[in-house]
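> Sequence first, predicted coordinates after that:
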Amino acid sequence: MFCFLSFSGGCESCQTRFLDFLAKWQLKIVTVSLLLIIQPTAACEDERQFVRHGGQEWTTLKRLAADHHNRLEEEAPTLLGIGTEPEFAIGQRALFLQSDGGNLFWDCISLLDGQTAAELNARGGIRAIAISHPHYYTTMVDWAERFDA
């Protein structure tokens, strides 16, 4: 069920997402769900996981977009690296590989803004998205919907 719903925010350390439709549910269900949301995620409780000194924090995509932007950098003639600045979560980046058969987006970053979308559309858009590990799941549905990938 959750795979088909839209999201609105997530953990600033591991980028685990919470659902924006919770606010539309009855108060009793929202209260129960919020109790689950504020608990540390399994990833953040793992001793190998980076969590900021202040502990796990949650944010929204709107808040992230207010003071962050994406930087695009040519890695090779058909390879573009995309990262968010200032650094967010674990500081990961996505790779955009252009090819004649369609462009591949390798891993996703949290911030999908209009400027980034316009640049990728100018390069042919995204045909497929590949995800290497859970940190990149955060906004993959948003990216896929935006580019019909």
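Sure, I can see it. From a predicted model like this one, the values you see are computed outputs, not experimental measurements.
> Contact partners for the closest residue to residue 148 other than its chain neighbours?
Nearest residue to residue 148, sequence neighbours excluded (CB to CB, 6 or more residues apart in numbering): residue 125, at 7.8 Å. Where C-beta positions appear, they are placed from N, C-alpha and C, glycine not excepted. Going by CB atoms under 8 Å, 6 or more residues apart in numbering, residue 125 touches 103, 147-149.
> mind checking the SS state of residue 125?
coil (DSSP: H, G, I helix; E, B strand; the rest coil).
> what's the most distant pair in the contacts of residue 125?
The distance between the two most remote of the contacts of residue 125 (CB to CB) is 12.2 Å, for 103 and 148.
> So which of the two has more stuff around it?
Set side by side, residue 103 and residue 148 show more neighbours around residue 103, with 20 against 8, by other CB atoms under 10 Å.
> I'd say the more buried one and residue 124 touch.
Yes. Counting by CB atoms under 8 Å, residue 124 is a contact partner of residue 103 at 5.2 Å.
> can you redo the contacts of residue 125 as CSV with secondary structure?
As requested, the contacts of residue 125 are exported to CSV (three-state DSSP):
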residue, secondary structure
103, coil
147, helix
148, coil
149, coil
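> Among these, find me the one that's closest to residue 133.
residue 149 (18.8 Å).
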